[in-house]
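In: I would like to see how this sequence folds:
(one chain, ligands or ions: 2)
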Amino acid sequence: MKEITGNPLFPVFLQLNELHVLLVGGGKVGLEKLTALLENSPKATVTIVAREISADVRHYVANYPRIQLLERAFEETDLNGVDLVVVASNNPELNLRIRKECRSRHLLINVADKPDLCDFYLGSIVKKGNLKLGISTNGKSPTIAKRMKELLNEALPEEIDETLTYMSQLRDLLKGDFNDKVKALNAHTASLLSKEGI
Ligand SMILES: C[C@@]1(CC(=O)O)C2=NC(=C\c3[nH]c(c(CCC(=O)O)c3CC(=O)O)Cc3[nH]c(c(CC(=O)O)c3CCC(=O)O)/C=C3\N/C(=C\2)[C@@H](CCC(=O)O)[C@]3(C)CC(=O)O)/[C@H]1CCC(=O)O
Ligand SMILES: NC(=O)c1ccc[n+]([C@@H]2O[C@H](COP(=O)([O-])OP(=O)(O)OC[C@H]3O[C@@H](n4cnc5c(N)ncnc54)[C@H](O)[C@@H]3O)[C@@H](O)[C@H]2O)c1
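Out: Numbering: from 1, shown residues only. Ligands and ions are numbered 1, 2, ... in the order given. Predicted coordinates:
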């Protein structure tokens, strides 16, 4: 087997608007994870279970249509019918218990700030219209991930979204078979790598 060096995490972009997320914990970290989920996928269905749900969380979810708040202790049945689990509780035993139950159900789980308990990490996200870049440092430094996001946000021109829209229209207009289209699209974008850029 090839030796693994660098970052072995496999990046995917989830259709979260079509999925049901369970978030356990409604404090400061819970709000951070909730914000990350909903700023990317505002129509995601999220059930939040927490003994105490903070006023900030209540205030934040008021703008989102598909959020259910359950102010009580976590119950195993909360995992029924959900697709993805994010845990942001302040109870290490609870975190471990949910982690184990998710494994036995083959449900993917993120336990905030606890890499050993995560099947997936959240990343820093750069957004320019339809363009989205996910950044991971393999958990080495979320702070650097955040700084990289700021750097790329500055560096990428706003017009990149217009270019994407234009390319999408161009693809629909092109005639010929798949290979011809790929050739034409590549020829059209070759100049993007030149000094003049986009
Ligand atoms: C990217 C981002 C996404 C998000 O959360 O939405 C994210 N953390 C962010 C910020 C951030 N988190 C922390 C700080 C304080 C400074 C510091 O410690 O560095 C800051 C910086 C800040 O807030 O300024 C604390 C922290 N985080 C983790 C640990 C545990 C450890 O490192 O062992 C500790 C120490 C806890 C302690 O000491 O007790 C672990 C994880 N944090 C991850 C993601 C995953 C790895 C991502 C990657 O591969 O890079 C991973 C593994 C799991 C996960 O949580 O998913 C988000 C940036 C959002 C943005 O772009 O603005
Ligand atoms: N706040 C930070 O900046 C920070 C930084 C790094 C790590 N952490 C860690 O992240 C975790 C969460 O931090 P926080 O600041 O959001 O804590 P918090 O106390 O604000 O929130 C914890 C949430 O977990 C809920 N909870 C506890 N037991 C529960 C149960 N049995 N069922 C359902 N919900 C339950 C609480 O009701 C609350 O909503 C802690 O373990 C903390 O050590 C926090």
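In: For ligand 2, give me its nearest residue in the protein.
Out: Of all residues in the chain, Gly27 sits closest to ligand 2, with a separation of 2.0 Å (Cβ to the nearest ligand atom). In this view, the C-beta of every residue, glycine as well, is placed from N, C-alpha and C.
In: which residues does the closest residue in space to that residue that isn't next to it in sequence contact?
Out: Counting by Cβ to Cβ, 6 or more residues apart in numbering, Gly27 lies nearest to Ser54, which is 5.7 Å off, once chain neighbours are set aside. Under the criterion of Cβ atoms under 8 Å, 6 or more residues apart in numbering, the neighbours of Ser54 are 26-28, 30-31.
In: can you give me the helices for the chain?
Out: For the chain, applying DSSP state H gives helices covering 28-40, 55-61, 92-105, 142-155, 160-173, 178-189.
In: from these, which stretch is densest packed?
Out: helix 28-40 (a mean of 18; mean count of other Cβ atoms under 10 Å).
In: right, quick check: the strand ranked longest in the chain against ligand 2, any contact?
Out: Criterion DSSP state E: the longest strand present in the chain is strand 45-53. Yes - using Cβ under 6 Å from any ligand atom, strand 45-53 reaches ligand 2 at 49-52.
In: Let's test this: mean pLDDT of that strand, rounded?
Out: What strand 45-53 shows for mean pLDDT is 98.
In: ok, back up a step: which stretch among the helices of the chain approaches Gly129 most closely?
Out: Closest to Gly129 of those, according to Cβ to Cβ: helix 160-173, at 2.7 Å.
In: For that closest one, C-alpha coordinates in PDB please.
Out: Provided in PDB are the C-alpha atoms of helix 160-173 (Å, rounded to 0.1, in the frame of the first residue of the first chain):
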ATOM      1  CA  ILE A 160     -15.200  35.100 -10.800                       C
ATOM      2  CA  ASP A 161     -18.900  34.400 -10.300                       C
ATOM      3  CA  GLU A 162     -19.800  36.100 -13.600                       C
ATOM      4  CA  THR A 163     -17.100  34.000 -15.300                       C
ATOM      5  CA  LEU A 164     -18.700  30.800 -13.900                       C
ATOM      6  CA  THR A 165     -22.200  31.900 -15.100                       C
ATOM      7  CA  TYR A 166     -20.800  32.700 -18.500                       C
ATOM      8  CA  MET A 167     -19.000  29.400 -18.800                       C
ATOM      9  CA  SER A 168     -22.100  27.500 -17.800                       C
ATOM     10  CA  GLN A 169     -24.100  29.300 -20.600                       C
ATOM     11  CA  LEU A 170     -21.300  28.700 -23.000                       C
ATOM     12  CA  ARG A 171     -21.300  25.000 -22.200                       C
ATOM     13  CA  ASP A 172     -25.000  24.800 -23.000                       C
ATOM     14  CA  LEU A 173     -24.500  26.600 -26.300                       C
END
